[in-house]
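Asker: Next input, structure requested:
(chains A, B, C and D)
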There are 4 protein chains.
Amino acid sequence: MQQIVDDIAAEMLSRPDRGKVATYIPQLACVDPAHFGISVVMEDGTSYNAGDATTPFSIQSISKMFTLTMALGKMGDAVWKRVGREPSGDPFNSIVQLEVEHGRPRNPFINAGAIAIADAIMMGHEPKETLAEILQFMRFLSDDDSVYIDEKVARSEQLTGDRNASLAHFMASFGHFKNPVDKVLGVYFHHCSLAMTCHQLAKAGAFLVSDGTSQLINSKVVGPQRARRINSLMLLCGHYDGSGEFAFRVGLPGKSGVGGGILAVAPGKASIAVWSPGLDVVGNSHLGTLALEQLAEKTGWSVFAK
Amino acid sequence: MQQIVDDIAAEMLSRPDRGKVATYIPQLACVDPAHFGISVVMEDGTSYNAGDATTPFSIQSISKMFTLTMALGKMGDAVWKRVGREPSGDPFNSIVQLEVEHGRPRNPFINAGAIAIADAIMMGHEPKETLAEILQFMRFLSDDDSVYIDEKVARSEQLTGDRNASLAHFMASFGHFKNPVDKVLGVYFHHCSLAMTCHQLAKAGAFLVSDGTSQLINSKVVGPQRARRINSLMLLCGHYDGSGEFAFRVGLPGKSGVGGGILAVAPGKASIAVWSPGLDVVGNSHLGTLALEQLAEKTGWSVFAK
Amino acid sequence: MQQIVDDIAAEMLSRPDRGKVATYIPQLACVDPAHFGISVVMEDGTSYNAGDATTPFSIQSISKMFTLTMALGKMGDAVWKRVGREPSGDPFNSIVQLEVEHGRPRNPFINAGAIAIADAIMMGHEPKETLAEILQFMRFLSDDDSVYIDEKVARSEQLTGDRNASLAHFMASFGHFKNPVDKVLGVYFHHCSLAMTCHQLAKAGAFLVSDGTSQLINSKVVGPQRARRINSLMLLCGHYDGSGEFAFRVGLPGKSGVGGGILAVAPGKASIAVWSPGLDVVGNSHLGTLALEQLAEKTGWSVFAK
Amino acid sequence: MQQIVDDIAAEMLSRPDRGKVATYIPQLACVDPAHFGISVVMEDGTSYNAGDATTPFSIQSISKMFTLTMALGKMGDAVWKRVGREPSGDPFNSIVQLEVEHGRPRNPFINAGAIAIADAIMMGHEPKETLAEILQFMRFLSDDDSVYIDEKVARSEQLTGDRNASLAHFMASFGHFKNPVDKVLGVYFHHCSLAMTCHQLAKAGAFLVSDGTSQLINSKVVGPQRARRINSLMLLCGHYDGSGEFAFRVGLPGKSGVGGGILAVAPGKASIAVWSPGLDVVGNSHLGTLALEQLAEKTGWSVFAK
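Answerer: Now for the predicted structure:
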């Protein structure tokens, strides 16, 4: 396995086609596209790292899977009153679908859905408290207290966050919000600004490998059914309008972020995190996807294989 | 396993909530909603049947998975020039998406996509020849020469097929069609009218259980990668606008039809076909889905479990 | 007035910017873009012609105003059950709106609306009979028996008419059609293929100048209220997605066709027809619009002026 | 004329069908639906009032015609870089069209368009200054210093203004805004809260009757071409998704507001304001429209008549 990840990292670090770094958040635009990291954490906790696996990056939308997990823990199936669980067939920040479906986002992984989840997990608390709780959850899952929220990125998001503010006010106009729009956006922008390394992220995803119980931290995070369902949501909706493509090519549940990270899960096998800042046209890491495709090919990992 | 399918069949046959039989095709409207059948064909070929497992029904859109398989065999990846592989986020017969994406259907399982696939597999041949080829393929896969095309259903579809004619002419208006619209529709309406039993259908799906090679007929139908990709397409797009729901609840790749049938695949485990004519609001078999959900729970089969 | 139309014709014939001739109907694509004609028929019947005012051209969608007039004569306000009377905000052949509004076109001047009107005026008759009636109406209004239907253009439209066939089948799928789709399309393609000169067309529009009574043929064609309403529909919907632009620049009710003709009405003043085959990006005659803008400026004709 | 307006007022005050008062702004919801007022100001300044013609009401979107006039005065045709001039075919607060057309509203009378106009007229000034200027303009046009902005309504709008905030942030996300979103919204909510009587409003619209010069205040407000163009925009877009209906039934340019007011213009004849708080399904005054329809019938005023 170490050989496999080393080979993949070597190829990815040397490829000239690196995609385009996200530019709409200035703080992300200045990240060097030359980075590539990969971390594979096996079900038993053994780790294989290569490339920039221990460099922190902005996990962005990957955080949505974790806030969904928190929301399910707090509210159970009542979460599905706030968001649906169908692929959207639209870009990540589309507002059209919201209008058609009266302010209920199609799934928790498009921006509108994740903002609704942020509102749901606040439960009347202040942003500061909610963010402390999120941070604690991420440090617990990754077994690493150095996970942090990058305030510079959060501020940069807030300054350029008109599209997300538009989505939030739109949902609020249907009376769906329990907290003030600006506070909900504060929580959202900050959890998207979580900085983690591939290795931390792969460890944090370990509970989805083993039906909800992370062998790494020796802890049941969610029950088996919920773990499967989160995997199912990642497979169907984890890569925005490129979810079909990712399932087709990689065949594993995964969640991507515009920071260039992808967390993927091979049930019963391993949790995998990759990072390469350059994105493809639909906003997913170009080399990250390619790396996962190669890993899936070399290991035979696929939820669709016998 | 026999106990499991017997229990499921007994419950499903007795439940009062049976969904609503599709009415837009008169020949389907007269099917008795009291039917329920289930057939589980294990990887090694062992079969477990219960209820109306040997009563033929109209497989309708389930046929789309088989015509896609044929198209991939004939054209390889050139198929993806004709159709995409993303979930649509729209009902099965929506035309809106077609307009936005210039006549290229989002995936091969919405009606427009399957009509494009029908055009692709004709390759200049007459409908009669193409249909003979499809029928032969279905008989080969199910190892049963009694599979047939129900002409009455086909005629009924043609008489009420204005929406599909609209989709076909729409695509043709972009110059995408290689054959005359009415001939393509003839092929499409007829392959949707294939009549099969649960048992035949489960056998026909067996190649997807074992990375492309059906142990039942001892034959490599497609290669491993292609088998996985077909499974991936079924999981993401196999139940129209209810694909996310099916993946969430059942956790297996599957393809449904408005005749009330569903073919599901548990890789490495079994091919499963269920049939109950009553549909839910998005057009998938109400009790069929429930039966598969119970089967998945009782067996632990899920592509998302360890 | 003769001086005005002469000046306009002279300028338009010499301008290098001529727009682009419609290419999707092969028979239209071969029309020489150098043509320009203008005919002004005053309320009292006096005519002023210049340029190619007596060369026949394909009136295309301008015919929709006349078939609407016929439909109102046959069915009265029941017409509005078939089509709406709001601007569409979409291109002339969009199908999206049809889906949203369950097969009822927004107005009688987009293609779908005109096809629905064609179905309405057939009233169970054969295409041949309906077309004879339309032709008779046009000859009566223009007081000229040389008006004809160009069979070559009609055939060319039929051969390339997949988009319109798609619209028609789409509406038929809602059960809105009283006649077979192919017969309705036959009527539609043929009335769009009416060949008329600017002079004939301006005469045919004269009834809208004088509250429904054409002084030219000394005949009450429609009542005053209906005449105003037809004018209102032309102003709001007569130029597809460029209707606002035309009202803004010209300020007169008008109906354009992709053959490059425009019929405009200055109530109480004159009926005006212009023709120049080159179109602007939304499909209206580029120089025809400019000519009408100049005419409106020079005469002060505008429904919005005191 | 006095007899005509008296008759209309008498009928309208007594009719039981009064539409439904707008409820989404609490301050508007408490207006008594029993009101009806009408004021006709002839070109020469003579006035005919009846019913509640001198009771102030919230003019709401009618103000958009006046802010557009101001914007044209400040920026000329550069206004059209910010907003289009086509009917929208969508409800007044739709966001779908904005997404399709990259944040440029279709016309200045839908909410998004008017918010963009509010941004345009601010020109870097504070809301307070801009609002003072608007108020001064309205008092000048109506020749009445008692016109005021209802602060209670403005606050009520701001508190329930999530949809408009969504539209504004959406446009801002394309970089189209020159002023901070919250300040632009402040201007917008306040100018919508202008309180005027039918009589004041009819006087304020007088400049559109006479090619831009109000004989009432003896002042050229805009040039003839601009006056016609504003009339044209009102006719095509002044009643949201009911503009076609209003043009069809009334035949005059007009602008409605959800406070139940409508300002209509009969060029060369009169400026007319009506008020009845109950709305029809698309958000236009139910009895106000009916009253204008009757007035148009009795006087023969229609831009479409000879």
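
Asker: mind listing the strands for chain A?
Answerer: Per DSSP state E, chain A carries strands over the ranges A:20-21, A:37-42, A:47-51, A:57-58, A:148-149, A:194-196, A:213-214, A:219-220, A:254-256, A:261-266, A:270-275, A:278-279.

Asker: would you turn the ones you listed into a markdown table with mean pLDDT, mean neighbour count and distance to C:Lys64?
Answerer: No exception for glycine: its C-beta is placed from N, CA and C like everyone else's. Output for the strands of chain A, formatted as a markdown table (pLDDT from 0 to 100; neighbours: other C-beta atoms under 10 Å in any protein chain shown; distance: least, C-beta to C-beta, whole Å):
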| stretch | mean pLDDT | mean neighbour count | distance to C:Lys64 |
| --- | --- | --- | --- |
| strand A:20-21 | 94 | 16 | 47 |
| strand A:37-42 | 98 | 27 | 62 |
| strand A:47-51 | 98 | 21 | 64 |
| strand A:57-58 | 98 | 28 | 56 |
| strand A:148-149 | 98 | 17 | 61 |
| strand A:194-196 | 98 | 25 | 59 |
| strand A:213-214 | 96 | 22 | 67 |
| strand A:219-220 | 97 | 14 | 68 |
| strand A:254-256 | 98 | 31 | 49 |
| strand A:261-266 | 98 | 29 | 53 |
| strand A:270-275 | 98 | 30 | 58 |
| strand A:278-279 | 96 | 24 | 47 |
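
Asker: So for stretch A:110-123, what gets flagged as buried?
Answerer: A:110-122 (16 or more other C-beta atoms under 10 Å in any protein chain shown).

Asker: got the CA coordinates for it in CSV?
Answerer: Provided in CSV are the C-alpha atoms of stretch A:110-123 (Å, rounded to 0.1, in the frame of the first residue of the first chain):
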residue,chain,number,x,y,z
ILE,A,110,-25.1,21.8,-1.9
ASN,A,111,-24.4,25.2,-0.3
ALA,A,112,-28.0,25.9,0.5
GLY,A,113,-28.4,22.5,2.2
ALA,A,114,-25.3,23.0,4.3
ILE,A,115,-26.5,26.4,5.3
ALA,A,116,-29.8,24.9,6.4
ILE,A,117,-27.9,22.3,8.4
ALA,A,118,-25.8,25.1,10.0
ASP,A,119,-29.1,26.7,11.1
ALA,A,120,-30.3,23.3,12.4
ILE,A,121,-27.3,22.5,14.6
MET,A,122,-27.2,26.0,16.2
MET,A,123,-30.3,25.2,18.1
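
Asker: can you tell if it touches chain D?
Answerer: No: for a cut-off given as C-beta under 8 Å from any C-beta of the partner chain, stretch A:110-123 has no contacts with chain D; the smallest distance is 10.8 Å.

Asker: so what's the residue lying closest to A:Arg15 once chain neighbours are set aside up against?
Answerer: Leaving aside its sequence neighbours, A:Arg15 sits nearest to A:Leu287 (C-beta to C-beta, 6 or more residues apart in numbering or on different chains; 6.4 Å). With contacts defined as C-beta atoms under 8 Å, 6 or more residues apart in numbering or on different chains, A:Leu287 is in contact with A:Met12, A:Arg15, A:Asp17, A:Arg18, A:Gly19, A:Phe36, A:Val274, A:Ser276, A:Gly278.

Asker: before we move on, what about A:Val153?
Answerer: A:Val153 neighbours (C-beta under 8 Å, 6+ apart): A:Ile25, A:Gln27, A:Leu28, A:Ser58, A:Cys192, A:Ser193, A:Ala195.

Asker: And for A:Phe170?
Answerer: For A:Phe170, the contacting residues are A:Ile95, A:Leu98, A:Glu99, A:Gly103, A:Ala112, D:Ile95, D:Asp162, D:Arg163, D:Ser166, taking C-beta under 8 Å, 6+ apart as the criterion.

Asker: Look at the closest residue to A:Gly268 other than its chain neighbours and say how many residues are nearby.
Answerer: Spatial nearest neighbour of A:Gly268, excluding adjacent residues (C-beta to C-beta, 6+ apart): B:Lys306 at 3.3 Å. The number of residues packed near B:Lys306 is 19, by other C-beta atoms under 10 Å in any protein chain shown.

Asker: do the same with A:Gly76
Answerer: Neighbours of A:Gly76 (other C-beta under 10 Å): 10.

Asker: pull the CA atoms of stretch A:53-64 into PDB?
Answerer: Extracted C-alpha coordinates of stretch A:53-64, given in PDB (Å, rounded to 0.1, in the frame of the first residue of the first chain):
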ATOM      1  CA  ALA A  53      -0.200  14.600   3.500                       C
ATOM      2  CA  THR A  54       0.600  16.600   6.600                       C
ATOM      3  CA  THR A  55       0.100  20.100   5.200                       C
ATOM      4  CA  PRO A  56      -3.100  21.700   6.400                       C
ATOM      5  CA  PHE A  57      -5.500  23.000   3.700                       C
ATOM      6  CA  SER A  58      -9.000  24.500   3.800                       C
ATOM      7  CA  ILE A  59     -11.400  21.500   3.800                       C
ATOM      8  CA  GLN A  60     -14.300  23.700   2.700                       C
ATOM      9  CA  SER A  61     -17.300  21.600   1.700                       C
ATOM     10  CA  ILE A  62     -15.900  18.400   3.100                       C
ATOM     11  CA  SER A  63     -17.000  19.900   6.400                       C
ATOM     12  CA  LYS A  64     -20.600  19.500   5.300                       C
END
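
Asker: ok, A:Leu141 to chain D distance?
Answerer: Taking C-beta to the nearest C-beta, to the nearest Å as the measure, A:Leu141 falls 33 Å from chain D.

Asker: Could you find the closest non-adjacent residue to that residue?
Answerer: A:Ala204 (3.9 Å).

Asker: A:Glu43 now?
Answerer: Nearest non-adjacent residue to A:Glu43 (C-beta to C-beta, 6+ apart): A:Val209, at 5.1 Å.

Asker: looking at it, the one you found is touching A:Pro267, isn't it?
Answerer: Yes: between A:Val209 and A:Pro267 a contact is recorded at 6.1 Å, counting by C-beta atoms under 8 Å.

Asker: all helices for chain A, in order.
Answerer: Using DSSP state H, the helices found in chain A span residues A:2-14, A:26-29, A:63-75, A:79-82, A:96-100, A:111-122, A:127-142, A:151-159, A:162-172, A:181-192, A:198-204, A:224-237, A:243-249, A:286-299.
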